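S.K.: Provide a 3D model corresponding to the input given below.
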Amino acid sequence: MNFEYCELWYFTLEGCQVAQDSLPTSSEDTFAITMTKGLATLHPVASVQASGRAVKDENLTWVQFLHAQHGFIQHISKYGWPSSHVQALSRFFAELQSCAYLARSNGKHVVLAYQARVRREWMDSFKRDRDSVFDIGLINYELMESIGREIQARTTASLQCE
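M.R.: You can find the predicted model right below:
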């Protein structure tokens, strides 16, 4: 089971279209070898290369996020992630969609940045120790406030440079 972080952009309508368009035709088949649990596997190169058009999670629009998180949940369910992980991520996304922070100025941007950071940390925690993974569904409002301050500071600094 691969618990590598993946940008949600790949599950947006645009990301799915780019993936579809990049599938090689029979005359373009080029393969790469990847190792999974000590087994070599052949994959079309297009399926293992990151898209240059990918958008970082914190830069998605809110509509892209809403679409992508549903696609992501469907994908991990289909490909056999443990149901406890799927449920935890589903709860996380549901909590974010009802988060009071969304009503604030720049709230969606802050929630998207929070989602990216926390989901990456959660995924990384599986690689370190699967038995001590934190509950991603519990929103850490102190961290969200801190991310909000970081974004505000960057925005203020960029305005001062103009």
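S.K.: can we go C-alpha only for contacts and neighbour counts from here?
M.R.: Will do.
S.K.: residue 124 contacts residue 117, doesn't it?
M.R.: No: under the criterion of Cα atoms under 8 Å, residue 124 makes no contact with residue 117, lying 10.6 Å away.
S.K.: which residues in this structure form helices?
M.R.: 13-21, 45-48, 62-78, 83-97, 107-128, 141-161 (DSSP state H).
S.K.: compare those and give me the one nearest residue 134.
M.R.: Of all those, helix 107-128 sits nearest to residue 134, with 7.0 Å by Cα to Cα.
S.K.: buried residues in the closest one?
M.R.: Neighbour-count burial for helix 107-128 flags 107-116, 118-120, 122-126 (criterion: 16 or more other Cα atoms under 10 Å).
S.K.: try stretch 141-161
M.R.: For stretch 141-161, by 16+ other Cα under 10 Å, it's 144, 147, 148, 151.
S.K.: dump the residue contacts of the last one.
M.R.: Same thing as residue 151. residue 110 (Cα atoms under 8 Å, 6 or more residues apart in numbering).
S.K.: so residue 138 touches residue 92, yeah?
M.R.: Yes: between residue 138 and residue 92 there is a contact under Cα under 8 Å: 7.3 Å.
S.K.: and the two? Which one has more around it.
M.R.: residue 92 (19 against 12; other Cα atoms under 10 Å).
S.K.: how about the more buried one, nearest residue that isn't a chain neighbour?
M.R.: Excluding the flanking residues, the one nearest residue 92 by Cα to Cα, 6 or more residues apart in numbering is residue 137, at 4.1 Å.
S.K.: check the gap between that neighbour and residue 68 for me.
M.R.: 18 Å (Cα to Cα, to the nearest Å).
S.K.: of the two, which one has the most company?
M.R.: residue 68 (24 against 16).
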